[in-house]
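**Student:** Compute the structure for the input listed below.
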Amino acid sequence: MPRACKLLCKKYLISGWYLFTYLGLSFLFMHPEALGQNFFKLNYPLYYSEFHRLLHPGAEFTTNNEGNTRTSGARKAPKVGGITGIILDGYSCPGIPYVVDSRDGNTYPTVLVGSHCWLSQNLRYLPEVHPPSESSVNQPRYYVTGYYGHDTEEAMRSLTGGTAAVLYNYQAAIFACPRGWQLPGEYQWGELWDHLTANYPEITPENIGNRLKSCRQVDSPLEGECTTDEQPRWDPGAGEFGTDDFNFSALPAGCTNASGQFIQVTSHAYWWSSASTDQFASYREINAVDGGLYRHTEGEKKWGLSVRCVLSK
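**Tutor:** Next comes the predicted model:
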């Protein structure tokens, strides 16, 4: 169960379904996109207003006596006409609990945050491999942290644990996601930020990164499976630690630098954005000793960074 549900949910739900309480009664409904919005609009207008709100998270909805909806302002937690809705943040995407990449058989769980469906792990697609010294701006480059050779099968075997992760230069990243998925742009990364900071009062620019981090860390005060020396995990956080409230499960993988080295492998997570200019590309950063999620706009396209895919719309 996502920690986010402990913050906002008054009832819990099965992935892909909505649970509502109305006049003391509980109702379990399939995701409206599965049954069709018209079914709910015609037969359950009050419930439809709640579904409509969740499908269009950029607006606040009010409901009149006839059950019609209109929008105004920013989204707030669903509560219309005496019905308390369920926030799906942190649950598997309705109808898509996991994704199998047909190119290599890798399987990825999904997670819904706001209106976007994300893979909850970094991409591991590796059609070829290069040492970090063989960087390029114009040609796709694929790297595996700690690996300096050209043998793809050997590099793939190193991905079965520890700190090894696949990194991509920008040219590789923009085409790396499975069919139907895409490299997130500024809209998707921005919506992630806006949705969480707008809808959860305790989430701020100073701690949003901690809420997205995996809790696996050397000195995590959460203890249990969160406190670990085994990789993958975060370095000690100088008082900062991940809580993974939304099952985004961000883990460090570092990057390649201009000198052809792997750096910050256990302390920093970097993800490409699709936004770019002729010279630079944007990217996001979370690190071990700070609680933020940072936007950068001058990433060198030859760098190797992680890729986190989002469902295309």
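
**Student:** and stretch 215-228, average pLDDT?
**Tutor:** On average, the pLDDT along stretch 215-228 is 94.

**Student:** got a list of contacts for that stretch?
**Tutor:** Stretch 215-228 is contacted by residues 229, 232-237, 241-244, 251, 288 when judged by C-beta atoms under 8 Å, 6 or more residues apart in numbering. C-beta here means a position set from N, CA and C on the backbone, and glycine is covered the same way.

**Student:** Which ones among those map onto helices?
**Tutor:** Judged by DSSP state H, those include no members of helices.

**Student:** would you turn those residues into TSV with distance to Trp189 and neighbour count?
**Tutor:** Below are these laid out as TSV (distance: C-beta to C-beta, whole Å; neighbours: other C-beta atoms under 10 Å):
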residue	distance to Trp189	neighbour count
Asp229	31	9
Pro232	22	19
Arg233	24	21
Trp234	21	29
Asp235	24	17
Pro236	27	15
Gly237	23	21
Phe241	23	22
Gly242	18	27
Thr243	20	17
Asp244	18	23
Leu251	18	22
Ala288	20	23
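
**Student:** which stretches of the protein have low pLDDT?
**Tutor:** 1-87 (pLDDT under 70).

**Student:** how's it carved up into domains?
**Tutor:** Domain ranges of the chain: 17-84, 98-311, per automatic domain parsing.

**Student:** which one of these lies closest to Ser92?
**Tutor:** With C-beta to C-beta, the closest approach to Ser92 among the domains of the chain belongs to domain 98-311: 5.4 Å.

**Student:** which one of the domains of the chain is the most hemmed in?
**Tutor:** Across those, averaging neighbours per residue (mean count of other C-beta atoms under 10 Å) puts domain 98-311 on top, at a mean of 18.

**Student:** contacting residues for the nearest residue to Pro205 once chain neighbours are set aside?
**Tutor:** For Pro205, ignoring the flanking residues on the chain, the nearest one in space by C-beta to C-beta, 6 or more residues apart in numbering is Gly292 at 6.1 Å. Listed by C-beta under 8 Å, 6+ apart, the contact set of Gly292 reads 205-209, 286.

**Student:** circling back: quick one: which of the domains of the chain is nearest Gly90?
**Tutor:** Using C-beta to C-beta, the nearest of the domains of the chain to Gly90 is domain 98-311, at 4.1 Å.

**Student:** packing partners for the longest helix anywhere in the chain?
**Tutor:** For the chain, the helix that runs over the most residues, judged by DSSP H, is helix 186-199. Contact partners of helix 186-199 among helices and strands, from 3 or more C-beta pairs under 8 Å, 6 or more residues apart in numbering; DSSP states H and E: strand 107-113, strand 116-119, helix 208-212, strand 268-276.

**Student:** switch the cut-off to 6 Å
**Tutor:** strand 268-276 (3 or more C-beta pairs under 6 Å, 6 or more residues apart in numbering; DSSP states H and E).

**Student:** I'd like to know how far the residue lying closest to Leu183 once chain neighbours are set aside sits from Glu300.
**Tutor:** What sits nearest to Leu183 in space, not counting adjacent residues and going by C-beta to C-beta, 6+ apart, is Ser274, at 4.5 Å. From Ser274 across to Glu300, the span is 16 Å (C-beta to C-beta, to the nearest Å).

**Student:** got it, and Tyr91?
**Tutor:** Separation of Tyr91 from Glu300 (C-beta to C-beta): 36 Å.

**Student:** Kindly report the same for Gly146.
**Tutor:** Between Gly146 and Glu300 the distance is 21 Å, computed by C-beta to C-beta.

**Student:** Pick out the most distant pair among the contacts of stretch 215-228.
**Tutor:** Farthest apart among the contacts of stretch 215-228 by C-beta to C-beta are Asp229 and Thr243. That separation is 19.4 Å.

**Student:** tell me the helices in the chain, going along the chain?
**Tutor:** 3-8, 32-35, 37-43, 45-55, 152-157, 170-173, 186-199, 208-212.

**Student:** what residues does the longest one touch?
**Tutor:** Think helix 186-199. Residues from elsewhere that reach helix 186-199 (C-beta atoms under 6 Å, 6 or more residues apart in numbering): 74, 113-114, 116, 203, 208, 273, 275, 284, 310.

**Student:** Include distance to Gln188 when you put those into JSON lines, please.
**Tutor:** Formatted as JSON lines, the contacts of helix 186-199 follow (distance: C-beta to C-beta, whole Å):
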{"residue": "Ala74", "distance to Gln188": "18"}
{"residue": "Val113", "distance to Gln188": "10"}
{"residue": "Gly114", "distance to Gln188": "9"}
{"residue": "His116", "distance to Gln188": "5"}
{"residue": "Ile203", "distance to Gln188": "18"}
{"residue": "Ile208", "distance to Gln188": "15"}
{"residue": "Ser273", "distance to Gln188": "8"}
{"residue": "Ala275", "distance to Gln188": "10"}
{"residue": "Arg284", "distance to Gln188": "10"}
{"residue": "Val310", "distance to Gln188": "5"}
